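> sequence first, predicted model second:
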Amino acid sequence: MSSGNIPLNLLQSLLNLLKKGSARNLQLLIERRSNGKSFYTSWIERATYLILDCEQITNQGGVLELSIQCPTLQELDIKLENLCLPLDGHLTSLDYSQQTLSGLLESRINSIIYDRSLIKEFKKFLASLKQSQASVEFLLDSPLSLTAENLEYFSQIESAIPKSNHVRVGGYLRRLQPIAHSGVLSLADNQLIQINFDRRLSQSLENLLHQPAIVEGMAHYMANEKLLRVDAHSIFTVAETEMLLWSQYPKPLSVNFNVQDLYITQTGETGIGAIFGKWPGSETDEEIQAYLEELS
C-alpha cells in the first residue's frame, strides 16, 4: 500500500474490508446473502480470524507492506461437504474474498456470486482510497490491485442489480438443512435454486423432502439478471402436474436502465413537434388563444 505514511482512517478501512468483507463474502457463498443473522455466525467469525504480523510490516520505496495471517477452512470444525455450496478447505476466507473481487473487476459476473450488500462493502473501501489518494495490492495467489478508479465500476454493477420480486416456483426440495433454514430446490430441468426459509417452516419441511412442491417468496438477483436466491415464506406439496406448471427459472420483472437513454431532444422534427407539426410554430398569441377557446 502506498504511501509509506498511511492515514489511520485508511488503515482502519483496509482492516475492516479484510475482516468484515471476507465475513460477508463467506456468508454469501453459504447462504446466498451477505447480511442478516446467520446460523454459521460463530464459524464465520473463526474463519475470518485475522492476525496482523507486526514483524512483517515493512516500508520500502514509499510502499507499506502488511502481512496478514488467516486460517484455512479445513482447520475449523465444520463439515464443508454439508454446505449447500461445498467449499475448498485448503483456501482461506481471504482467498475467497479475493476470488470475488477479481471476478467483479474482470467482469466475470456469470461465474461468481455477489449481492448489493457486499458491493457496498467494497465501495466503502474504494471511497477511502479515493479520499487518501492511495492504492492497494493484495499479494495472494495472484496479485490484485484496487484503486479509486474502480469505484465508478462497482457503482455501475450495484445500479444494474434488478429489484427483487415475488415468485412462485415448482420443483423438488433437495439437500434440506432445517437447522440452517436453507435448502436447494431442483426444477424439472434439473436447474438448482438456493432456498432460504423462515424458521417457522423448519419443522414441517422434512415431510416435503423429494416431494413435488411449490415455493412462494421473494427472488433476489445479481447484475446479470441471474437468480441469487429465493427467500421463501411458504412451501407446500402439490400434485406433480401442478408442480410442472410452475417449474420455471425465476426472472426479474424488469431490468434497470439509464433514464438518459429515454431522453429525446425536442425539435421541430422530434417529440411533440413531430406530432403536431412545427414546434414552436409561427402562430401568434391571439391565434393560440383562439385555438384553445375552440377546443374548450
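Perfect, thanks for sending it. Numbering: from 1, shown residues only.
> all contacts plus neighbour counts: C-alpha atoms, from now on.
Fine.
> mind listing the helices for this structure?
8-16, 22-31, 41-47, 93-105, 116-132, 150-160, 202-205, 240-245, 272-276, 285-295 (DSSP state H).
> rank the ones you listed by pLDDT, which is bottom?
Lowest mean pLDDT within the helices of the chain: helix 272-276, a mean of 56.
> just give the nearest non-adjacent residue to the residue nearest the centre of the chain, would you?
Geometric centre of the chain, nearest residue: D115, 1.0 Å, by CA atoms, centre = their mean. Closest residue to D115 apart from its sequence neighbours, by CA to CA, 6 or more residues apart in numbering: M222 at 6.2 Å.
> contacting residues around the one you found?
With contact taken as CA atoms under 8 Å, 6 or more residues apart in numbering, M222 is in contact with I113, Y114, D115, I161, P162, L228.
> tell me which two of the residues you listed sit farthest apart.
Greatest spacing in the contacts of M222, by CA to CA: I113 and P162 (14.8 Å).
> for the closest residue to Q248 other than its chain neighbours, give me the pLDDT.
Counting by CA to CA, 6+ apart, V169 is the residue found nearest to Q248 once chain neighbours are left out, at 6.5 Å. With respect to pLDDT, V169 scores 96.
> neighbours of the nearest residue to L187 once chain neighbours are set aside, how many?
Excluding the flanking residues, the one nearest L187 by CA to CA, 6+ apart is G171, at 4.5 Å. Neighbourhood size, G171 [other CA atoms under 10 Å]: 31.
> partners of G171 in the sheet?
Counting by DSSP bridges, G171 forms beta bridges with A213.
> how about it, what does it touch?
Neighbours of G171 in contact, by CA under 8 Å, 6+ apart: L185, S186, L187, A188, P212, A213, I214, M243, L244, W246, S247.
> so which of the residues you listed would you say is closest to Q69?
Nearest to Q69 among those, with distances taken as CA to CA, is L185, at 37.3 Å.
> near the closest one, how many other residues are there?
Neighbours of L185 (other CA under 10 Å): 28.
> equivalent analysis for Q131, please.
12.
> how near is it to T284?
Distance, Q131 to T284, using CA to CA, to the nearest Å: 56 Å.
> and the nearest residue to T147 once chain neighbours are set aside, how many neighbours?
Closest residue in space to T147, ignoring its immediate chain neighbours: S135 at 4.8 Å, by CA to CA, 6+ apart. Using other CA under 10 Å, S135 has 18 neighbouring residues.
> what of L209?
Residues near L209, counting by other CA under 10 Å: 17.
> can you list the domains in the protein?
8-160, 165-245, 266-295 (automatic domain parsing).
> just name the most buried of the ones you listed.
Per residue and on average, the most neighbours among these fall to domain 165-245, with a mean of 19 (mean count of other CA atoms under 10 Å).
> how distant is it from the center of its chain?
The chain centre lies 20 Å from the centre of domain 165-245; the measure is CA atoms, centre = their mean, to the nearest Å.
> out of the contacts of M222, flag the one nearest to Y96.
For these, the nearest to Y96 is I113 (10.6 Å; CA to CA).
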